[in-house]
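Participant: Build me a model:
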Amino acid sequence: MEQYVLLRIMTLDGIDLNLFEFDRHNALYFFMINADEHIYMRYGGRDAESATSYLDFESLELALDLGLEQHRRYQAGDFIPQPKKAPLYPKEIQTLKTEVIDNNRCVECHLVGDFRITEKETAGELIKAKHMYQSPDIKTIGIHLDVPKGLEVKESHLAVADAGMQPGDLITHLNNHPIFTFGDLQFEYNKVERTATEIMLTVQRGELSEELLVKLPDQWWHTDLTHRYWSIDPLVFFEAERLSEEEKIQLEVPVEGFASRVSEVDINALLEGAHDLEEGDIILAVNGVKKNLLTQDVVTHIKLMHEAGSSMDLEVIRSGARQKMPLTTKRQSFRK
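Facilitator: Below you'll find the model as predicted:
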């Protein structure tokens, strides 16, 4: 670290958000960057399970070494920088300026994330599968890293195992973008369009470089939103499990639809007056809609297709009888 100039950003007031671009709900994030504002790599990232799942001193030391290596390449003229975006500063996000900056409050990362995304919602530019479900979990496609060793694979399962990934492989590229750390992997993976059906991962295996075409499973982008406290996340106060194909056929609903059985009801449903659902109820449709090309989960359908705080009608089977039941979601106030 003595070979670095160390800067700790305490507030984002004057920071170019398009240069220092990352998932704003990460607890810790480092940029290895040179004086010409070319980013060599990132260190940080998390998953829904823990803020420190991919952080430890050994992987940080490895990242610092790799950063110095990239800097030597830059000095030798052997580094190709990424194109820069036009600068964007917090004061240009009007709601953030009005509610935070003009009140002399600290411009914190999570505030930037939430205000930017609510402005997209207001402008009709919000793509929830992309903007709300950020930083897809790499374990969903079967990647389990040996964290102290950076991007070395400890275990491979599911889609990546089917593609040929093996323990000991070192992940070096995602869709031909070079990556050095989990932070890089998460950043590039988050760029993948949510309608994508495959990605290309390049791994170093001994002296060989192998390209692996990974088939993405349905809802590969879906993540637990609990730790995010998004203002745009409609709170429904229940959980549900998808019906089997046989059950859907028996009920004469689309096999590819999101018909689901309520598995748990949050006590806040009663306190918030959200709905009268009970465990065992089967939800067949939401406002008459029975399927969604992006998901076969009714809760995810509601979160994707309806604004927080909105109301809708559910078509429900209870004790063998079909009925309509109202549902009103809640918009939570973020930590502002």
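Participant: now the helices: where do they sit in this protein?
Facilitator: All helices of the chain, identified by DSSP state H, fall at 57-75, 94-99, 109-123, 128-131, 158-163, 182-190, 245-251, 268-271, 298-305.
Participant: Can you tell me which of the ones you listed is most buried?
Facilitator: Among these, the stretch with the highest mean neighbour count (mean count of other C-beta atoms under 10 Å) is helix 182-190, at a mean of 23. In short, each C-beta sits where N, CA and C put it, glycine included.
Participant: residues in contact with that one?
Facilitator: With contact meaning C-beta atoms under 8 Å, 6 or more residues apart in numbering, helix 182-190 is reached by 21-23, 29-30, 41-45, 54, 59, 63, 134-136, 138, 145, 147, 150-151, 171, 174-175, 177-179, 199.
Participant: do stretch 156-173 as well
Facilitator: With contact meaning C-beta under 8 Å, 6+ apart, stretch 156-173 is reached by 140-144, 150-155, 178-179, 185, 200-205, 209-210, 212-217, 220.
Participant: just stretch 5-25 next, same as before
Facilitator: 29, 31, 37, 39, 42, 44-46, 84-91, 101, 106-110, 112-114, 116, 134-135, 183, 186-187, 190, 227-228.
Participant: Of the residues you listed, just the buried ones, PyMOL syntax please.
Facilitator: Selection of buried members from the contacts of stretch 5-25 for PyMOL, criterion 16 or more other C-beta atoms under 10 Å:
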select buried, resi 29+31+39+42+44+45+46+88+89+90+101+107+108+109+110+112+113+114+116+134+135+183+186+187+190+228
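Participant: picking up where we left off before, let's have the helices of the chain in a markdown table, adding mean pLDDT and distance to residue 329.
Facilitator: Listed next are these as a markdown table, based on pLDDT from 0 to 100; distance: least, C-beta to C-beta, whole Å:
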| stretch | mean pLDDT | distance to residue 329 |
| --- | --- | --- |
| helix 57-75 | 97 | 39 |
| helix 94-99 | 94 | 21 |
| helix 109-123 | 94 | 14 |
| helix 128-131 | 97 | 13 |
| helix 158-163 | 98 | 32 |
| helix 182-190 | 98 | 25 |
| helix 245-251 | 96 | 25 |
| helix 268-271 | 95 | 11 |
| helix 298-305 | 98 | 7 |
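Participant: out of those helices, nearest to residue 233?
Facilitator: The closest of those to residue 233 is helix 298-305. By C-beta to C-beta, the value is 6.3 Å.
Participant: which residues sit against that closest one?
Facilitator: Helix 298-305 has contacts (C-beta under 8 Å, 6+ apart) with 128-129, 132, 219, 222, 225, 233-234, 236, 238-240, 242, 258-260, 283, 286, 289, 292, 294-295, 312, 327, 329.
Participant: Tabulate the CA atom coordinates of it in PDB.
Facilitator: The C-alpha coordinates for helix 298-305 follow below in PDB (Å, rounded to 0.1, in the frame of the first residue of the first chain):
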ATOM      1  CA  VAL A 298     -46.000 -14.300  -8.300                       C
ATOM      2  CA  VAL A 299     -44.200 -12.100  -5.800                       C
ATOM      3  CA  THR A 300     -41.500 -11.300  -8.300                       C
ATOM      4  CA  HIS A 301     -44.200 -10.500 -10.900                       C
ATOM      5  CA  ILE A 302     -45.800  -8.000  -8.600                       C
ATOM      6  CA  LYS A 303     -42.500  -6.400  -7.800                       C
ATOM      7  CA  LEU A 304     -41.600  -6.100 -11.500                       C
ATOM      8  CA  MET A 305     -44.900  -4.900 -12.800                       C
END
